[in-house]
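> Fold the following and give me the result.
(2 chains)
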Amino acid sequence: MPMGRKTRLKLDFWSVVTIAIFILFAFFLAYPLFSLFAGGFRDPNTQQFTLNNFIRFFTKKYYTRALWHSFLVTTCTTLLSVAVGAPLAYLTTVYKTKGTGLINTLIIISMLSPPFIGAYSWILLCGRSGILTALAENLFHIKTPSIYGFGGILLVLTLKLYPFIYLYTKGALQKVDSSLFEAAESLGCSGYKKVFTVIFPLITPTILAGALLVFMNALADFGTPMLIGEGYTVMPVLIYSEFISETGGQANFAAALAVIMVIITGLMFWGQKSIVNKRSYTMSSLHPIRPKKLQGAKNVALHLVIYFVTFLAIIPQITVIFTSFKATKGAIFTTGFSLESYRKIFSNLGRNIVNTYLFGLTAIAIIVLIAIFIAYITIRKKTWLTNAIDSLTMFPYIIPGSVLGITLLLAFNKKPFLLSGTAAIIIIAFVIRRLPYTLRSSSAILYQISPSLEEAAISLGDTPPKAFFKVTSRLMMPGVLSGAILSWITIINELSASVILYTGKTRTMSVSIYTEVIRASYGTAAALAAMLTLTTIVSLLIFFRLSGKKDISI
Amino acid sequence: MSNSISIDHVVKRFGNMTIIPDLSLEIENGEFFTLLGPSGCGKTTLLRMIAGFNTIESGNIRFDDSIINSIPAHKRNIGMVFQNYAIFPHMTVRQNVEYGLKMRKMKPAEIKERVDQILDIVKIQDYQDRFPEKLSGGQQQRVALARAIVIHPNVLLMDEPLSNLDAKLRVEMRSAIREIQKQVGITTVYVTHDQEEALAISDRIAVMRDGVIQQTGAPEHIYTRPANLFVSTFIGHSNLIYASLSDTDDLPCVRFAGGYSIPVANLCKDVEKSGRVIVSIRPEEFSLHDEGIRGTVTSRVFLGKYIIYQVRVCENLYGNTNVVEYSQDSGQVTHLLAIGDTVFLKPNITKINIFSEKDQLSMIKDVNANG
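Numbering: from 1, shown residues only, chains lettered A, B, ... in the order given. Predicted coordinates:
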C-alpha cells in the first residue's frame, strides 16, 4: 500500500505535463536536430559516415566565399548598427527631444517588420527601375550607385538592426542612476571624461550583448541577401539554394552547411550569455538621468539628426504602404493611384492571407499553452528533467530559420512521420521559432507571483492543477499575453523557415511577398506587405496597451 | 585644508515652488553639522546647493571668504556621500577610491600612498580588489566614505548615508563616521531625518521645516531646550498639555485644568506672564508623587531599561489624545504600576518647557534658537 501510493504520487498532474512536454521537445526538436547533424556526416549515396561534406565545403572556393561574405556582411552590419544605435540612444536619453515616444514606437515598428520588406522597399526606391534611380537620372542625369550586392545588404540590415542596439542601450542608460554622474562630478570629473570613465563602461556590456544579437540576426537573415544580394551569396542563401536544387544528394551537403551555421551561432549565443551574466552590473535607479534641454542651433541639429535616422529606419514601411496604392499595369507601376493591387491579392492570393492568420493563431494558441506550462515547471518544479527542458528551450535562439526549415523537412518527410507539405509542419516551425518570446515573459511574471497564493488555494481545498488554473495561471496572463503578441508579430513576419516548408496550399503572406518580388510583381507584393505592416502596428499598439509600457525587450 | 561654510540669505525655487524662502547659516571649520528635518523640509535641497548640484536663486554660499555660487560641482573640491552610495559598479573598491585622485592627475606613488592610508582608516583594505556588488551595505558605505575623503575635500557632504542600512549597522556606522570625521578633522554637513542619529553624531544640529531653520544648536541644548513647539515634538517625545499662566504670587505659576499648579522660576523676563500656554513634558520628566497631575494607568510596556506607561488624564491635551506617556527607569523603580492604578504625575519643574499658545515659541530663559 505505501509503495503503491508512492508510485501514484510520482505521476501527479505536473509530472505528466513535464513528461509530455519533454516528449514533444524530444520529438519535434531534439530528434530532427540530431538527424540533421547526423545527415551532415553521411555520404549521400552510401549513407556511411564521412567528413566529405565538410571537406567539400572548405576546399571549394565557391562555398568558402559564402562564409567569408557572411562574415563580412555580419561584422560590418554589427559595427554600423552600434555606430548608429548607441549614439542615438545616448542623445535621446541625455537631451530633451521632442516626440521621443513616437521615435521609440517607429523604431520598434521598423525592428519588428519583416526584414525582407526593407530589401524590397530599397529595391523599389533605388533598384534598377526604382523611383529615386529614375528621379536622379531624369532630373540630374546622374547614375546612382547600384543598390544590389554587398552595399545594399549592409544598408538594409543596418537600418533594420540598429533598433536593437538603440533599445538595448536606451534601456541600460535608463537604469543608470544619475547619482553616479554626480559622484564623478563631486570627485572633480566632468564633460567627455565623465562619459568615458563612467557612462561608457557601465553600458558596454549591454551594447556588447545587443551587438551579438545583431550579429546573429544578420548572420541568419535569408530574405535580405536573397532579394538584394544578387549573386552576393551568403550562408543562408547558399543553404537554401543547395537544399532546393533538386539534385538528390544535396540534402546531406546542405545539412553539413547547417551544422557549420549552428556551430557559429551557438558560439555567438554562448558568448552573449556569458557577457550578460558576467559583466552586467545590477544598478538601482532611484534617480534616473533627467534629459537636459539644448539651446539654439545645437538643439536644431540634434533634432535633425535624430529625426533623419529614425526616418531612414521607417522608410520601408512608408514605401510599401505608398506603393501599394499605386496604379499598376500587369506587374508594372503606372502613374496615378488605385486599389488594383489590393483587389488582386484578395482575388488571387486570398488563401495566403487566410493561411497567415490561421496558422499564426493556431501556433499562438499552442505557444501560450506550452509557455505557461514550461515556465511553471522550470521555475516551480525543478528536477533534472525540467532543467533539460529549460536548456532545450534555448535552441531556437541559435538555429537560423532556414536551418530549422531543413531540419524539420528532413525529419518528417517520410512515413510514419510524414508531415512535409502540411500546414502542421509550418505551425510546428512557428511554435519552435517564436516560443521564446512568450516563454520569457511568462517566466518573468511567474517570478513575481508568490507560491503561497497557490498554496493558499490548495489549503482551502483545491487540487494542485485546479489551484494552478484558477489562481496562478490567471495572475500570469498579463505577462503571457504581452509575450504572445511579440510571438504573434514575429510569426506573421516569418520567412526563412516557411520559405523552405511551404507548398502551394500552405503559402503564407510573407512567402507570397517573397515569391511576388521574385516574379517582379511589385504591386501585389506591396499590398501584401502593407497588410502585414498594418497588422504588425495594430498588434504593437495592443501590446503597448496591454503591458502599459512604451518599451519592448527582445 | 578644510573650511568654514557660510550661507547667506539663500533662496531655492523649482519652477513656481519655493523650497527655501530665505536661509542663513554659519558652519564652522571642522564642525560636524547636521541638517535634520522631516522629508520635504528642504534639507537635501540645501545640501545639494552646497555641493553645486542645485542652483542658487538668490543669496550667497561662501567657503571661507570666497563665494562659490557659480563654481561648478566638479571644481568645488567637495567630498559627497550619496544616499545610495553611488559607488561605480564597474570599478573595484580600490579603483573607486582612486578615481578622484586620478582626476587630479596625481603621481601614481602618491595615489597609492593616499589610497592605502584611507583604506586603512575606513578599514576596508581587505576588500580593496573586490567589486562593489560583492560588498555588504556597511562595507559599501565605507567605500563611499573613503572615496569622498581621500581627495582631501574642503567640505564633506553626506546625504542620509545610513538610511539604507539595518538598525544595528546604522548604530555601528554612525560611530565609525563620527570617529573618522574627527580623525581627519573635516567640516562635515550631514543630512538626516532620524533625530536619534542626529543627536548621536553631531556637534551642532539645525532643525528644518518647510525650508526654514527652526533652531540651531548642540544636540543636548536642542533636546532639553527646544526653541518652539515643532522642535519639542520632532526631537524626542513630548507630552503637550494646555495650562494657564498667572503672575499673582511672587513667582509666575502654571495652572493645569485639573487644578494642579506649580511655580516656575526660569521664564524669560520679557514674556507676558499670563494667558494660555502649552507645557511640554517629556515622559522621563514626570515622577510619582502625592500630588500632581491625576490620572489612571491604561497600558504598560516593559522595555527592559524603561517601563512606558500610558496614563489617561483629565487635562486639555494638545492634539487628539487623552493620555500622556510616562516612563520609569527600571534601575530606580521599586514596584511596577498596574493597569487601572490611579497616579499623581509630578513634572520636574526645572526640566519642562513652556510655549506660548499664540506663536508656539519657548518662554523659557536662555533658550537659543541660533546657538
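> Tell me, how many residues neighbour the residue of the stretch 151-300 of chain B at minimum distance from chain A?
In the stretch 151-300 of chain B, the residue that lies nearest chain A is B:Ile151 (6.2 Å; CB to the nearest CB). Where you see a C-beta, it was placed from the backbone N, CA and C, and this is true even at glycine. For B:Ile151, the count of nearby residues is 22 (other CB atoms under 10 Å in any protein chain shown).
> quick one: it and B:Asn54, what's the gap?
Applying CB to CB, to the nearest Å, the value for B:Ile151 to B:Asn54 is 21 Å.
> Likewise for B:Ile222?
Going from B:Ile222 to B:Asn54 by CB to CB gives 26 Å.
> which of the two has more neighbours?
Set side by side, B:Ile222 and B:Asn54 show more neighbours around B:Ile222, with 30 against 18, by other CB under 10 Å.
> how's the chain carved up into domains?
Looking at chain A here, since you left the chain open. A:37-316, A:325-554 (automatic domain parsing).
> that's the wrong chain, I meant chain B
The record's domain parsing of chain B by automatic domain parsing lists B:5-224, B:237-356.
> wait, A:Ala327 sits on A:Leu339?
No. Counting by CB atoms under 8 Å, A:Ala327 does not reach A:Leu339; the two are 9.2 Å apart.
> Near chain A, which residues of chain B? Just list them.
Contact residues (CB under 8 Å from any CB of the partner chain) of chain B with chain A: B:51-53, B:72-80, B:82-84, B:86-90, B:99-100, B:103-104, B:133, B:147-148, B:151, B:157.
> Just the ones of the residues you listed in helices?
Among the residues of chain B next to chain A, DSSP state H puts B:Ala51, B:Tyr99, B:Gly100, B:Met103, B:Arg147, B:Ala148 in helices.
> Of those, which is the most crowded?
Ranked by the number of neighbours (other CB under 10 Å), these place B:Arg147 first, at 31 neighbours.
> Provide a list of residues in contact with it.
A:Ala183, A:Leu187, B:Gly79, B:Ile87, B:Asn96, B:Val97, B:Tyr99, B:Gly100 (CB atoms under 8 Å, 6 or more residues apart in numbering or on different chains).
> measure it to B:Lys107 for me?
From B:Arg147 to B:Lys107 the distance is 19 Å (CB to CB).
> B:Asn164 now?
Going from B:Asn164 to B:Lys107 by CB to CB gives 36 Å.
> next one: A:Leu419
73 Å.
> Tell me which of the two has more neighbours.
More neighbours surround A:Leu419 than the other of A:Leu419 and B:Lys107, with 19 against 9 (other CB under 10 Å).
> Buried residues in the top helix by length along chain B, which are they?
Longest helix of chain B, by residue count under DSSP H: helix B:167-184. Residues of helix B:167-184 classed as buried by neighbour count (16 or more other CB atoms under 10 Å in any protein chain shown): B:Leu169, B:Arg170, B:Met173, B:Arg174, B:Ala176, B:Ile177, B:Arg178, B:Ile180, B:Gln181, B:Val184.
> Quick one: name the residues of chain A near chain B.
So chain A meets chain B at A:177, A:179-180, A:182-190, A:193, A:197-198, A:201-202, A:281-284, A:286 (CB under 8 Å from any CB).
> Now with 6 Å, please.
Proximity of chain A to chain B is confined to A:179-180, A:182-183, A:185-190, A:201-202, A:281-282, A:286 under the rule CB under 6 Å from any CB of the partner chain.
> Select only the buried ones of those residues in ChimeraX?
Here is the ChimeraX selection string for the buried members of these, based on 16+ other CB under 10 Å:
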select /A:179,180,182,183,185,186,187,188,189,201,202,281
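> tell me the least confident of the residues of chain A next to chain B?
Checking pLDDT across those, the minimum falls on A:Thr282 at 65.
> How far off centre is the helix or strand encompassing B:Glu113?
Assigned by DSSP states H and E, B:Glu113 falls within helix B:108-121. Here the centre of helix B:108-121 is set off from its chain's centre by 33 Å, with CA atoms, centre = their mean, to the nearest Å.
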